[in-house]
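Engineer: Mind looking at a prediction? Sequence and model below.
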Amino acid sequence: MSAQPTHANSTQSTFNEYVAMYATVAAFSIVTLIVQAPELSDGRWLLYVLGVGAFVLILNRTTHYDPLPAKWLVVSLLVQTALLIGLTIISDYYFLTTMLSFITVSVIETSLPRRLSPLVNGLLLGVLSLAFTIGAGVSAGMQILLGLGAGFLFMSVFTRATENERLARQQLEAAHQQLAEYAAQVGQLATMRERNRLAREVHDSLGHYLTVINVQLEVVTKLLESNPNKALEAAKRAKELASEGLSEVRRSVAALRPSPIEDRPLPDALQSLAATAREAGLIVTFEQNGQLRALTPEVETVIYRATQEALTNIRKHAHASSAHIRLAYAATQVQLSIRDNGVGRRHDEDNVGLTALRERAAALNGTVSADNHPDGGFQIEVMLPIGN
């Protein structure tokens with residue numbers, strides 16, 4: 001789980017976003033020193049500069065607390081308020097001095113709960129207005145209350161909107177990171193499930209072949225002296241079964257490797273398989289119907305493996321001279337059909353390769369049908385949805 005944004009990150013981000021405000025206040029302080037030079041000529045200008053420096057240092061320290069203790073926040077706000085009143089008196093109640101309070105407003109908005117910050121800002125505004133009323137009269141106090149109050153309202157709304165945007169951005173980044181973690185976990189889970197499936201497939205197929213081979217070898221042992229011809233047939237059958245079992249293991253191991261299609265279009269990959277079968281003496285034709293569609297790697301791999309398995313079985317068991325491959329693209333599905341002109345299947349039981357193919361297709365909400373064709377030969381059809 002990604003870490004939640006801390007208050008220190010919040011205040012630090014706010015401080016960085018208000019660097020321009022610090023520069024503006026510095027400009028206001030310089031203007032105050034220039035305009036109020038007669039009132040500050042007796043050395044009070046040094047007190048004013050030191051007061052502004054202390055005010056900025058306290059703010060800077062406040063923004064660097066991780067996290068911000070409640071006691072420090074209270075002390076900081078009280079000291080800032082006292083400095084603001086002191087600077088106001090030193091500058092002979094010059095209005096620009098009160099602009100320093102805008103930064104205090106931003107700190108209050110980012111440090112206190114939303115229900116409490118308006119109350120604290122209102123207290124700060126009331127204290128400053130009271131100071132002007134006592135030192136410069138009721139009229140000046142009302143001007144501060146109204147003029148500075150409008151500025152406080154603007155700073156509160158602006159700071160809150162900026163803070164909300166920053167928090168939303170952090171939450172979005174955290175959500176993206178969490179989604180990436182979930183995607184990685186899903187990928188790992190899918191890999192583990194596929195490995196477990198292949199492990200079961202290797203175990204079942206290899207166990208089957210080894211069991212039958214063991215039976216044949218027992219026949220060889222028993223009939224070697226009494227019936228050599230029968231023993232020889234059993235030995236040959238055991239050798240055939242050993243070759244088939246080795247082929248099944250190789251196919252399962254090959255399924256663990258990266259996609260055999262790589263960056264080639266699916267029709268090109270299927271035609272490459274057809275060309276390999278032709279080199280082995282089988283006449284293979286290829287037909288594509290429909291416009292080429294973008295398919296997921298899983299769908300392409302199933303179609304490729306189905307073609308590979310079908311052509312291998314045709315060469316080994318079908319006693320066929322030719323085969324036809326048809327790849328058809330539709331709006332919602334892709335269909336693969338492979339038919340040969342061989343002797344067809346003599347029994348209804350699926351071999352290990354066809355059973356594994358059905359499982360692969362079912363995992364993608366697809367179907368596999370395999371049976372003898374009415375006009376002769378054997379036909380296998382694979383239908384997979386597009387965009388699953």
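Structural biologist: The structure has been received and is ready for your questions.
Engineer: can I see the domain layout of the protein?
Structural biologist: Residue ranges for the domains of the chain, per automatic domain parsing: 7-178, 259-388.
Engineer: shouldn't Thr98 be in contact with Ile89?
Structural biologist: No - with contact defined as Cβ atoms under 8 Å, Thr98 does not reach Ile89; the gap is 11.8 Å. No exception for glycine: its C-beta is placed from N, CA and C like everyone else's.
Engineer: For the two, work out which one has more neighbours and name it.
Structural biologist: Thr98 (24 against 17; other Cβ atoms under 10 Å).
Engineer: distance of the more buried one from Ala362?
Structural biologist: The spacing between Thr98 and Ala362, counted by Cβ to Cβ, to the nearest Å, is 75 Å.
Engineer: from what I can see Ser91 touches Ile34, true?
Structural biologist: No - assessed by Cβ under 8 Å, Ser91 is found out of contact with Ile34, at 11.5 Å.
Engineer: The two: which has the busier surroundings?
Structural biologist: Using other Cβ under 10 Å as the criterion, Ser91 and Ile34 rank with Ser91 on top: 24 against 9.
Engineer: In space, what's closest to the more buried one - neighbours in sequence excluded?
Structural biologist: Once flanking residues are discounted, Ser91 sits nearest to Thr97: 4.7 Å by Cβ to Cβ, 6 or more residues apart in numbering.
Engineer: Quick check: the one you found vs Thr104, distance?
Structural biologist: Applying Cβ to Cβ to Thr97 and Thr104 gives a distance of 13 Å.
Engineer: picking up where we left off before, any idea which of the domains of the chain scores lowest on pLDDT?
Structural biologist: Mean pLDDT is lowest for domain 7-178 among the domains of the chain, at a mean of 78.
Engineer: that older thread, so what's the residue nearest to Ser91 up against?
Structural biologist: Residues in contact with Thr97 (Cβ atoms under 8 Å, 6 or more residues apart in numbering) are 28-29, 32, 84, 87-88, 91.
Engineer: Okay, and Ala323 sits in which element?
Structural biologist: Using DSSP states H and E, the element containing Ala323 is strand 322-329.
Engineer: Give the buried residues for that strand.
Structural biologist: For strand 322-329, the neighbour count (16 or more other Cβ atoms under 10 Å) marks 323-325, 327, 329 as buried.
Engineer: what's the answer for stretch 160-169, then?
Structural biologist: Quick answer for stretch 160-169 (16+ other Cβ under 10 Å): 162-163, 166.
Engineer: Now do the helices in this protein.
Structural biologist: 7-17, 19-35, 44-63, 70-90, 101-111, 117-136, 138-143, 149-223, 228-255, 266-279, 297-313, 352-363 (DSSP state H).
Engineer: Gln379 is nearest to which of the ones you listed?
Structural biologist: helix 297-313 (9.3 Å; Cβ to Cβ).
Engineer: Just the angle for the closest one relative to helix 228-255, thanks.
Structural biologist: Using axes from the mean of the first three to the mean of the last three Cα atoms, to 10 degrees, the direction of helix 297-313 lies 160 degrees away from that of helix 228-255.
Engineer: Show me what helix 297-313 is packed up against.
Structural biologist: If contacts are counted by 3 or more Cβ pairs under 8 Å, 6 or more residues apart in numbering; DSSP states H and E, helix 297-313 sits against helix 228-255, helix 266-279, strand 322-329, strand 333-340, helix 352-363, strand 378-385.
Engineer: Just say which of those is most tucked in.
Structural biologist: strand 333-340 (a mean of 22; mean count of other Cβ atoms under 10 Å).
Engineer: For it, give me every contacting residue.
Structural biologist: If you take Cβ under 8 Å, 6+ apart as the criterion, strand 333-340 is touched by 293, 295, 299, 303, 306-307, 310-311, 314, 318, 320, 322-328, 373, 377-386.
Engineer: Just to check, Gly86 is in contact with Val52?
Structural biologist: No - using Cβ under 8 Å, Gly86 is not in contact with Val52, being 10.5 Å away.
Engineer: Not counting its neighbours along the chain, what's nearest Ala318?
Structural biologist: Closest residue in space to Ala318, ignoring its immediate chain neighbours: Gly342 at 3.0 Å, by Cβ to Cβ, 6+ apart.
Engineer: hang on, the one you found packs against Ile314?
Structural biologist: Yes - the pair Gly342 and Ile314 qualifies as a contact (Cβ under 8 Å) at a distance of 6.5 Å.
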